[in-house]
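*Asks:* let me see the structure of the following:
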Amino acid sequence: MTTGERAAPDPREARNPAEFIARLQALKDRSGLTYRELSARAEAGGDVLPRSTVANMLARTTVPREELLAAFVRACGVPPERAQEWETVRAELAVRGRHGGGPDGPAGPGAPDGADAFRTAAPEAGPDELRTGTSDGPDGPPADADGPPAGGLGGPAAGVLDGLSAGAPDGPPAGGPDGPHPLPAGAPAWPAAEEEPEEPDPEPPSRWRRALVGAVAVAGLVLATVSVVAFVRDDPRPGRAHRPVLTAPAEGAVHIRVIGSDLCLNERRGSRDGQIYQRACAGADVPRYELKRLGGDRWRIVSVHPDFPVGCSGIPSGGRIPYAALEDSECGDPTRVERFTLEPHGTPVTGYRIVPADSATPGSCVTVVGDRMAEWSRLTQAPCTADARGQLFSFDRH
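*Replies:* Have a look, this model is predicted:
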């Protein structure tokens, strides 16, 4: 993942364990990686780095174990020669409880102007803090990464969704947005049979032949009309059968459908990076999404995943990185944008934009990038456009 333009934090500037942890937090922020991505990257390199362990490490004020530090800095992309600096400072702090200062000597005139700011930086909230009570996220404690929250609402979502509706409204009628489709207005009924003449002629009269031909033509027209309606309503292409109407956001379980492609937001089953794609709505259940209103015009998109604890959709690194991925991860990470406004677009409304609230890149919208009509195209933060192509969504009940 692309890193920011800030200089890498220097562990030699840390004078005590708290400052050392603050620089580890700055290293994670600079990498732009989530807990889940760090864990996946470490696993790919042969290390073991559980997400809850990383969150717990960054919430403490004591130096981490040597092997934990080594796995963490490698996952953050630190080259081997710089990783040795982190390990050297950690060893000194573990023995003496303090370090001699930066490259210019003990802290004082030679220390960077912002060195003290690291001591007051709030550590990033982590899943283990639900048990230790050390920190809450911006909207309450994050979900526990070591296991799902206590039950309720028939599953883990009750720990995140307060006031969730007990059931979702019914979807659109099977007949389509406007109900069952009647026969074309004014279509004549099948003609009633005329009474048989007392002494029928050897051949039917000409008016009977004309009526019969007309009836056959009307029947053919009716059959063609019904076939066209059935094709429109039951388009066999993936994700397009029984196309639902545009639905405004409301609290509860939803399929987040992309207007235009009629595909729905989802992750790839088995992936650990949390990246969100668009795919056929019929199989879009990894994870299931639920909307939670936070007050005013702010919303949270909650992800209920079969393999991970309840999480939240968000933009990493505060939205500072252009085209940063929309991804699912633990709720309550202060480095992520996890609040959105869901803004109607057009007159009449043709869809709703998902706008990251308080993003460091103003004027951004959640956007389908690449082939907007293809399955497995990614969703990222991107500049909002006038035509809103790939940026409009419907929040279908299910």
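*Asks:* and residue 395, what are its bridge partners?
*Replies:* residue 256 (DSSP bridges).
*Asks:* isn't it right up against residue 252?
*Replies:* No: counting by CB atoms under 8 Å, residue 252 is not a contact partner of residue 395; they are 9.1 Å apart. In short, each C-beta sits where N, CA and C put it, glycine included.
*Asks:* and those two? Which one has more around it.
*Replies:* For residue 395 versus residue 252, the count of surrounding residues by other CB atoms under 10 Å is larger for residue 395: 22 against 19.
*Asks:* tell me the pLDDT at that one?
*Replies:* Looking at residue 395, its pLDDT stands at 97.
*Asks:* how about the contacts made by it?
*Replies:* Residues in contact with residue 395 (CB atoms under 8 Å, 6 or more residues apart in numbering) are 247-250, 254-257, 291, 342, 352.
*Asks:* of the residues you listed, grab the buried ones for ChimeraX.
*Replies:* In ChimeraX, selecting the buried portion of these, with burial taken from 16 or more other CB atoms under 10 Å, looks like this:
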select :247,249,254,255,256,257,291,342,352
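*Asks:* wait, is residue 273 part of a helix?
*Replies:* No: counting by DSSP: H, G, I helix; E, B strand; the rest coil, one finds residue 273 to be coil, located in no helix.
*Asks:* quick one: it from residue 80, how far?
*Replies:* Distance, residue 273 to residue 80, by CB to CB, to the nearest Å: 24 Å.
*Asks:* next, the buried residues of stretch 34-45.
*Replies:* Applying 16+ other CB under 10 Å to stretch 34-45 flags 34-42 as buried.
*Asks:* now stretch 79-93
*Replies:* 83, 86, 89-90, 92-93.
*Asks:* could the residues you listed go into CSV alongside distance to residue 359?
*Replies:* Formatted as CSV, the buried residues of stretch 79-93 follow (distance: CB to CB, whole Å):
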residue, distance to residue 359
83, 32
86, 31
89, 34
90, 34
92, 39
93, 36
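*Asks:* in helices, which of these appear?
*Replies:* If you go by DSSP state H, the buried residues of stretch 79-93 have 83, 86, 89-90, 92-93 in helices.
*Asks:* so which of those residues comes closest to residue 264?
*Replies:* Relative to residue 264, the closest of those is residue 83; by CB to CB it sits at 41.8 Å.
*Asks:* which one is that closest one nearest to, not counting chain neighbours?
*Replies:* residue 73 (4.9 Å; CB to CB, 6 or more residues apart in numbering).
*Asks:* that neighbour - that's part of a strand, no?
*Replies:* No: assignment of residue 73 by three-state DSSP gives helix, placing it outside any strand.
*Asks:* how close does it get to residue 36?
*Replies:* For residue 73 relative to residue 36 (CB to CB), the value is 18 Å.
*Asks:* what segments of this protein are helices?
*Replies:* 17-31, 35-44, 51-59, 66-75, 80-96, 117-120, 129-132, 206-233.
*Asks:* shared neighbours of residue 395 and residue 252, anything?
*Replies:* In contact with both residue 395 and residue 252: residue 291, using CB under 8 Å, 6+ apart.
*Asks:* got a list of what residue 76 touches?
*Replies:* 27-28, 30-31, 33, 38.
*Asks:* before we move on, back to that, so the residue nearest to residue 83 touches residue 89, yeah?
*Replies:* No: in this structure residue 73 lies outside contact range of residue 89 using CB under 8 Å: 11.3 Å.
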